[in-house]
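Novice: whatever this is, show me its structure:
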Amino acid sequence: MPSRGRLAPTPTGLLHAGHARTFALAAERARGAGLVMRIEDLDRDRCRAEFAAAALEDLRWLGIEWTEGPDVGGPHAPYEQGRRGAWFLEVWRRLEASGAIYPSPHSRRDVELAATAPHGPAAREEPLFPPALRPASWHRASAPGRVAWRFRVPDGRVIEFTDGRLGTVCRTAGVDFGDFVVWRRDDLAAYELAVVADDHAMEIEEVVRGEDLLTSTARQILLYETLGWEPPRWFHAPLVVDAGGRRLAKRSGGVAIRELRARGVGPADVLTWSAP
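Specialist: Numbering: from 1, shown residues only. Just a heads-up that it's a prediction; the model follows:
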């Protein structure tokens, strides 16, 4: 059955063919149930308005239309995460009141250098936050301030969820991922908090995204549980790779939707080429 879904481009560069396929799949699965367009522009240093505008234009060129969001309207505006700080702060306060998060002044470099940092499977993607760096206690706060805040994961717990394509997926807290950032030291919501907060507020029923975010889904399930919210369903699409088998990235040359358009490639050909 179609489920209310969303498109959530991050405007740090031009969309590539991999984005085209994932967003087309999201639109297909949400057909008739509502599709939200949300610009995830929290990274002040890398996000650009021109990339956001290009994403909207490219997706419309592909024939992908949304029912709520920029140029359409709807009850959940504004749809730019950079303008939704008050809502994210409210969610941070709920997490802080639960005792599930704590202030963490440690940088990524601190974590990498920590002698007790484990080197399990997740170390290839990012260093696991060592439990030894968790504070024994901290002062309650009414605002996050200029310090990062982390979610304390239940070490050893297996987070299991059903993916619409892959079936049962499991991740183990403290092994596949450690305590993760929910609020950044530049006083902005981090990705995991912002996505959960907005998917809940916008009543998203199914999240369609790339399978590189499977571990992120496990983190987000913990946030949903702590906040007492029902999580959406999940569908993780296969990644599109280049001729060398490498996952496409925005810095990849020659595969941006805009570049393919300029070479005379049509919308249907872009989607066919990027299909798994």
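Novice: hey, let's count contacts and neighbours off CA atoms from now on
Specialist: Fine.
Novice: okay, Ala262: pLDDT?
Specialist: In the predicted model, Ala262 carries a pLDDT score of 91.
Novice: would you quantify the distance from it to Asp58?
Specialist: Here the criterion is C-alpha to C-alpha, to the nearest Å. By it, Ala262 lies 12 Å from Asp58.
Novice: with Arg146 instead?
Specialist: 37 Å.
Novice: the two: which is more packed in?
Specialist: The residue with more neighbours, out of Arg146 and Asp58, is Asp58; 21 against 14, by other C-alpha atoms under 10 Å.
Novice: packing partners of the worst-scoring helix or strand of the chain on mean pLDDT?
Specialist: Within the chain, no helix or strand scores below helix 108-113, which has a mean of 82 by mean pLDDT, DSSP states H and E. Applying 3 or more C-alpha pairs under 8 Å, 6 or more residues apart in numbering; DSSP states H and E, we find helix 108-113 packed against no helix or strand.
Novice: give me the element Thr168 is part of.
Specialist: In this assignment (DSSP states H and E), Thr168 forms part of strand 167-172.
Novice: okay, buried residues for that strand please.
Specialist: Buried residues in strand 167-172, counted by 16 or more other C-alpha atoms under 10 Å: 171-172.
Novice: export only the CA atoms of that strand, formatted as CSV.
Specialist: The C-alpha trace of strand 167-172 is given here as CSV (Å, rounded to 0.1, in the frame of the first residue of the first chain):
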residue,chain,number,x,y,z
GLY,A,167,13.9,-8.0,5.5
THR,A,168,15.2,-8.2,9.0
VAL,A,169,18.1,-6.0,9.8
CYS,A,170,20.0,-6.0,13.1
ARG,A,171,22.5,-3.6,14.7
THR,A,172,24.1,-3.9,18.1
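Novice: next secondary structure element downstream of that strand?
Specialist: Following strand 167-172 in sequence, per DSSP H and E, is strand 180-183.
Novice: now do that next one: distance to the chain's middle.
Specialist: 13 Å (C-alpha atoms, centre = their mean, to the nearest Å).
Novice: what is it packed up against?
Specialist: Using 3+ C-alpha pairs under 8 Å, 6+ apart, strand 180-183 sits against strand 148-151, helix 191-201.
Novice: any chance of these in CSV, plus mean pLDDT, distance to Val36 and mean neighbour count?
Specialist: Converted to CSV, the helices and strands packed on strand 180-183 look like this (pLDDT from 0 to 100; distance: least, C-alpha to C-alpha, whole Å; neighbours: other C-alpha atoms under 10 Å):
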stretch, mean pLDDT, distance to Val36, mean neighbour count
strand 148-151, 97, 28, 24
helix 191-201, 98, 10, 19
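Novice: redo the ones you listed as a markdown table? Include distance to Arg108.
Specialist: Shown next, in a markdown table, are the helices and strands packed on strand 180-183 (distance: least, C-alpha to C-alpha, whole Å):
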| stretch | distance to Arg108 |
| --- | --- |
| strand 148-151 | 11 |
| helix 191-201 | 16 |
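Novice: re the thing from before, neighbouring strands for the strand holding Thr168, and are they parallel or not?
Specialist: Using DSSP bridges, the strands paired with strand 167-172 are strand 158-163 (antiparallel).
Novice: contacts for the partner strand?
Specialist: Outside strand 158-163, the residues that touch it by C-alpha atoms under 8 Å, 6 or more residues apart in numbering are 168-173, 218, 221, 233-236.
Novice: change it to 10 Å
Specialist: 167-176, 208, 211, 214-215, 217-219, 221-222, 233-237 (C-alpha atoms under 10 Å, 6 or more residues apart in numbering).
Novice: in PyMOL, select just the buried ones from those residues.
Specialist: To isolate the buried ones among the contacts of strand 158-163 in PyMOL, judged by 16+ other C-alpha under 10 Å, type:
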select buried, resi 171+172+173+174+175+176+208+211+214+215+217+218+219+221+222+233+234+235+236+237
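Novice: just to revisit the earlier point, just the residues contacting the strand holding Thr168, thanks.
Specialist: Residues outside strand 167-172 that contact it (C-alpha under 10 Å, 6+ apart) are 153-163, 176-178, 214-219, 234-235.
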